[in-house]
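Here you go, sequence then predicted model.
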Amino acid sequence: MKKHILAAILGATFALGACEKSPVLSESALIPLPQEITDGSGSFQLTSEIGIRLIGSGENLTRIGEHLAEKLRPATGFDIPVSFDSGEVILELTGSEDSEGYEIQISDTEVKITSSGEAGLFYGVQTLLQLFPAQLANTSVQTMDWVLPVGTIKDAPAFGYRGSMLDVARHFIPVEDVKYFIDQMAIYKLNYLHLHLTDDQGWRIEIKSWPKLTEIGGSTEVGGGEGGFYTQEEYKEIVAYAADRFITIVPEVDMPGHTNSALASYAELNPGVNLPNGKLDSVNHAPLDYEMPKKNPTASELYTGIEVGWSTFSTELELTYAFVDSVVQEISEITPGPYFHIGGDESHVTEKDDYIYFVERVQDIVSKYGKTSIGWDEVATAKLLPGNVAQFWALEENAILAKEQGNKVLMSPAKKVYLDMQYDSTSRIGLHWAAYIELDSAYLWEPTSYAKGISAENILGVEAPLWTETVTNREDIDYLTFPRLPAIAEVAWTKKERRNWESFSRRIPSHGKRWEIQGIGFYKSPKVNW
Ligand code: ACM
């Protein structure tokens, strides 16, 4: 009898030894790394009988459950019904808060994700999906065991604003590619997508009261391509798609510099000019009580190069503010998020006093339409309204000006998080005016000590912008974004005590496997053993 038991134990041990090592929760390739992971023993296996059970009430609960099921079905081939009745994978919403924190408990019979907020539950789902083998990324059925290690995860983000930015102005990015980018952001628990909608080379959002902005200003891009723009309906579609993934859109209209596409669309916005008959274009809806300026209405020419800092709105022209008012109003009406980005960078041909006057007036307009302004760090040279945000990209002294006014700083240091910077001198696209940014460099910085004088209490969060002077298609986006975006997502989510480059470099290859399965042409950094 005893012999039989011994033989059974030995048999089981050998059987286990012959298989792959069973997974250990704390060794999972999770990015961003959760706050706390506790290992248990054993494993949970997803079988064809499995279902997802929802507990709680929330308008998005079913959608979150379906999102999980849709990600699990293709590669497993399982039905995975979602219901409020039964299921071994449980999603429990315990409250109705904004909470982004969540907990996952995995036993050998059950997986349970709990959160007091829908966003938290969604992030728990993202973590759970990363716990499965990379083969889950396949769109065809894979015959294999879908096993999770037993244990517990407790997680919450370090920063409330974790963003990325797409410059859709230098090269227009079609709606489908923006949605694709949003999908990638969601996997890494990023929650703000800033759209740089206007620049010298292009105006990319329909403004109904100023239709030539897109007719003319949207008609080209860097290099002279055909450009493009989002209708307001398309913009709303992007906003809704992002919201379904707990991502808030931040629209940017860059001004008073970076405005050539508007100045090329409307002659009367150029300084010292007016419509020939001295009257306002009826579509402009501008107030009629401003002083009529001079003569010679000439629009500037469309621009397809990549120089910066040479254009400006006329800050003395009252029509400028009527224009800004219409633009801010129309965009604010279709933007549910709290922020409106007013740009404000590199206005090198705007007189300093004029710049300050302009920024302060535009802040008031944004505030009138119920939004909070964000501006690139130069805006802190003006008097900021309470609650407005300065986005640090270049000058520490500007970040300090914001802090001294009691305003928060959004951390986007160009030398660390500008996704358009080349990895090294051999990168096939990208610029390098700020730095070459290898993967370890994008990872190895700390927002709360990066800029002298700016510490945790002054910081709203972290954002990684992708400028598109050299980016023309999805392949280019993939190459510059991966693997750096996950590195920056971890900087934004995971507390500094938990972050570690060695650990990150061991976790990222598993994401590389998923990208390979999905056909995402990422940069195979030599700093990582892929
Ligand atoms: C910027 O890079 N000009 C904000």
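Arrived safely. Residues are numbered from 1 along each chain as shown.

Please count neighbours and contacts with C-alpha atoms only from this point.
Noted.

Close to the ligand: what parts of this structure are there?
With CA under 6 Å from any ligand atom as the criterion, the chain comes near the ligand at residues 345-346, 376.

Are we agreed that residue 182 is in a helix?
Yes - counting by DSSP: H, G, I helix; E, B strand; the rest coil, residue 182 falls inside a helix.

Pretty sure it sits against residue 244.
No - contact criterion CA atoms under 8 Å: residue 182 and residue 244 do not qualify, at 10.1 Å.

Now render the residues of the chain next to the ligand as TSV, adding distance to residue 306 and neighbour count.
Listed next are the residues of the chain next to the ligand as TSV, based on distance: CA to CA, whole Å; neighbours: other CA atoms under 10 Å:
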residue	distance to residue 306	neighbour count
345	15	21
346	13	20
376	19	25
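
Isn't residue 260 up against residue 304?
No - the pair residue 260 / residue 304 is not scored as a contact, 10.4 Å apart, by CA under 8 Å.

Compare these two (neighbour count), which wins?
residue 260 (28 against 19; other CA atoms under 10 Å).

can you pull the buried residues of the helix or strand where residue 241 lies?
Counting by DSSP states H and E, the element that carries residue 241 is helix 232-243. Buried residues in helix 232-243, counting neighbours by 16 or more other CA atoms under 10 Å, are found at 232, 235-236, 238-243.

Pull the distance from it to the chain's centre.
Relative to its chain's centre, helix 232-243 lies at 14 Å (CA atoms, centre = their mean, to the nearest Å).

so where's this structure shaky on pLDDT?
1-21, 272-297 (pLDDT under 70).

these two touch, right, residue 247 and residue 187?
No - counting by CA under 8 Å, residue 247 stays clear of residue 187, with 11.2 Å between them.

So between those two, which is more surrounded?
It is residue 247, of residue 247 and residue 187, that has more neighbours when counted by other CA under 10 Å, with 25 against 20.

Look up the closest residue to the more buried one, ignoring the ones flanking it.
Leaving aside its sequence neighbours, residue 247 sits nearest to residue 191 (CA to CA, 6 or more residues apart in numbering; 4.2 Å).

For the ligand, what's its nearest residue on this protein.
Closest residue of the chain to the ligand, CA to the nearest ligand atom: residue 345 (5.3 Å).

Next up, the contacts around the closest residue to that residue other than its chain neighbours.
Nearest non-adjacent residue to residue 345, counting by CA to CA, 6+ apart: residue 376, 5.4 Å away. For residue 376, the contacting residues are 342-345, 390-393, by CA atoms under 8 Å, 6 or more residues apart in numbering.

can you list those in a markdown table and add distance to residue 498 and secondary structure?
Output for the contacts of residue 376, formatted as a markdown table (distance: CA to CA, whole Å; DSSP: H, G, I helix; E, B strand; the rest coil):
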| residue | distance to residue 498 | secondary structure |
| --- | --- | --- |
| 342 | 35 | coil |
| 343 | 34 | coil |
| 344 | 35 | coil |
| 345 | 34 | coil |
| 390 | 27 | strand |
| 391 | 26 | strand |
| 392 | 25 | strand |
| 393 | 25 | coil |
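
Tabulate those residues in JSON lines, adding columns for distance to residue 510.
Shown next, in JSON lines, are these (distance: CA to CA, whole Å):
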{"residue": "342", "distance to residue 510": "39"}
{"residue": "343", "distance to residue 510": "37"}
{"residue": "344", "distance to residue 510": "40"}
{"residue": "345", "distance to residue 510": "38"}
{"residue": "390", "distance to residue 510": "36"}
{"residue": "391", "distance to residue 510": "33"}
{"residue": "392", "distance to residue 510": "32"}
{"residue": "393", "distance to residue 510": "31"}
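
out of those, which are buried?
For the contacts of residue 376, buried by 16+ other CA under 10 Å: 342-345, 390-393.

Helix, strand, or coil at residue 96?
Per three-state DSSP, residue 96 ends up strand.

Wait, it touches residue 60, no?
No - look at residue 96 against residue 60 with CA under 8 Å: they stay out of range, at 10.9 Å.

shared neighbours of those two, anything?
Joint contacts of residue 96 and residue 60 (CA under 8 Å, 6+ apart) are residue 118.

ok, now which ones touch the residue of the chain closest to the ligand?
Contacts of residue 345 by CA under 8 Å, 6+ apart are 254-255, 257, 375-379.

Now, those residues that are in strands?
Taking DSSP state E, the ones among these that sit in strands are 375-376.

For residue 55, state which of the contacts of residue 345 is nearest.
residue 375 (41.3 Å; CA to CA).

so what's the closest one bridging to?
Note on residue 375: beta-bridge partners by DSSP bridges are residue 390.

contacting residues for it?
341-345, 389-391.

biggest separation within these, which pair?
Maximum distance among the contacts of residue 375 (CA to CA): 13.6 Å, for 345 and 389.

Tell me who's in contact with the residue nearest to residue 429 when sequence neighbours are not counted.
In space, and not counting its chain neighbours, residue 429 is closest to residue 470: 6.0 Å by CA to CA, 6+ apart. Residues in contact with residue 470 (CA under 8 Å, 6+ apart) are 420, 429-431.

Among those residues, give me the pair with the biggest separation.
Largest pairwise distance in those, by CA to CA, is 8.2 Å, between 420 and 429.

Who has more neighbours out of those two?
Ranked by neighbour count (other CA under 10 Å), residue 420 and residue 429 place residue 420 first, with 27 against 18.

so the more buried one sits right up against residue 466, yeah?
Yes - the criterion here is CA under 8 Å, and residue 420 meets it with residue 466 at 5.3 Å.
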